[in-house]
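Enquirer: starting from these lines, generate the structure:
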Amino acid sequence: MIKITKHLRVHILTIAMFSVCVIFRYPIIFYMTYAAMIMHEAAHCAAAVCIGLKIDYMAFLPFGVNLRLKNKMVYSAADEIILYISGPASNVLLALITAFICKHWNYEILRMFYISNAVLFLMNMLPAIPLDGGIIIRRLVAGKIGYRSAARVMRYITAVTAALLAAAGAAALISTRFNFSLMMFAMMIAGNLFTEKEKYDVDFVRGLMFHKKKNRRKIRHFIADNTSDYRSIAEKFDTNAYSIVYLTDNDGKITDILTEDNIINHLIDSNITIS
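Expert: Next comes the predicted model:
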């Protein structure tokens, strides 16, 4: 990976691939697709900055553009949705603008740019992880059933989506005897099922980082055994409500009442390891 600036990097194979495309005059659709991907990631970058996240770098890879953030953790569901919907939204906007221009000037390059943005939007909004659409759905579902359960649900949905894409890709490959792009896309999504692994419990980390931002008027009460460790108690906290914990002995009598602040402050003071 070649470092161009602090926030821009390019893979050596990307340079080689574009050089080959220029020499052999590959179809303009390739360049337009790459341009659409750049605009897509640039929109994600702008959204990340607006919601207070820090950019690490943007990498130009042989078959796409990848934005790396120093931190993706946000408390607000709205902020997370804004972060991931911004890319597809930019493709929709560019497709609409290009379609309008094409009505007056029917240039081939504009038509290809319109197709690239439309396809990129449709692909990214599929309900599968790690696509933008899948991440947005996971965040919406997590608000109702928690991140762990939402992650399990999305694994099943992702598997079904990958299977349908593979079937469509097989049909396209048989009919065209060449077009294997859908098959590769399905393999990428299916492969993510086996490679994606969170380095930490997202709900737990979010609870530690943003517990002071919770709505303190919405309170959740629950009982825990007085022999329970503080982490196991904290893992039961609701990300949408403030928790009050009643510790009980073996006879069921309340021995202590702790607030969420008491428990989280204890974990922080104890320098808890999250990973």
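Enquirer: for whichever strand or helix holds residue 109, buried residues please.
Expert: Assigned by DSSP states H and E, residue 109 falls within helix 108-124. The neighbour-count check on helix 108-124 (16 or more other Cβ atoms under 10 Å) flags 110-121, 123-124 as buried. Every residue, glycine included, has its C-beta placed from N, CA and C.
Enquirer: distance between the helix or strand that residue 152 is a member of and the chain's centre?
Expert: Here residue 152 sits within helix 147-176, counting by DSSP H and E. How far helix 147-176 lies from its chain's middle: 17 Å, per Cα atoms, centre = their mean, to the nearest Å.
Enquirer: report the inter-axis angle for that helix versus helix 108-124.
Expert: Relative orientation of helix 147-176 versus helix 108-124 (axes from the mean of the first three to the mean of the last three Cα atoms, to 10 degrees): 130 degrees.
Enquirer: now helix 147-176: buried residues?
Expert: Buried residues in helix 147-176, counted by 16+ other Cβ under 10 Å: 147, 150-151, 154-155, 157-158, 161-162, 165-166, 169, 172.
Enquirer: report the two of these separated the most.
Expert: Greatest spatial distance among these (Cβ to Cβ): 147 and 172, at 35.5 Å.
Enquirer: about what we covered before: on contacts alone, who are the packing partners of the helix holding residue 152?
Expert: Here helix 147-176 touches helix 132-145, helix 181-195, helix 202-210, going by 3 or more Cβ pairs under 8 Å, 6 or more residues apart in numbering; DSSP states H and E.
Enquirer: now do it, average pLDDT.
Expert: Taken as a whole, helix 147-176 has a mean pLDDT of 85.
Enquirer: quick one: that helix to helix 181-195, angle?
Expert: Helix 147-176 runs at 150 degrees relative to helix 181-195, counting by the same axes, to 10 degrees.
Enquirer: the inter-axis angle of helix 147-176 versus helix 132-145?
Expert: Using the same axes, to 10 degrees: helix 147-176 against helix 132-145 is 150 degrees.
Enquirer: use 599 as the first number for this chain going forward.
Expert: Fine by me, first position is 599 from now on; the one you just mentioned is helix 745-774.
Enquirer: where's the closest residue to residue 628 other than its chain neighbours relative to residue 627, distance?
Expert: Of all residues not flanking residue 628 in the chain, residue 619 sits nearest, at 6.1 Å (Cβ to Cβ, 6 or more residues apart in numbering). For residue 619, the distance to residue 627 equals 11 Å [Cβ to Cβ, to the nearest Å].
Enquirer: just for the stretch 699-848 of the chain, where's the confidence low?
Expert: Applying pLDDT under 70 to the stretch 699-848 of the chain flags the ranges 704, 775-778, 794-802, 805-806, 813, 837.
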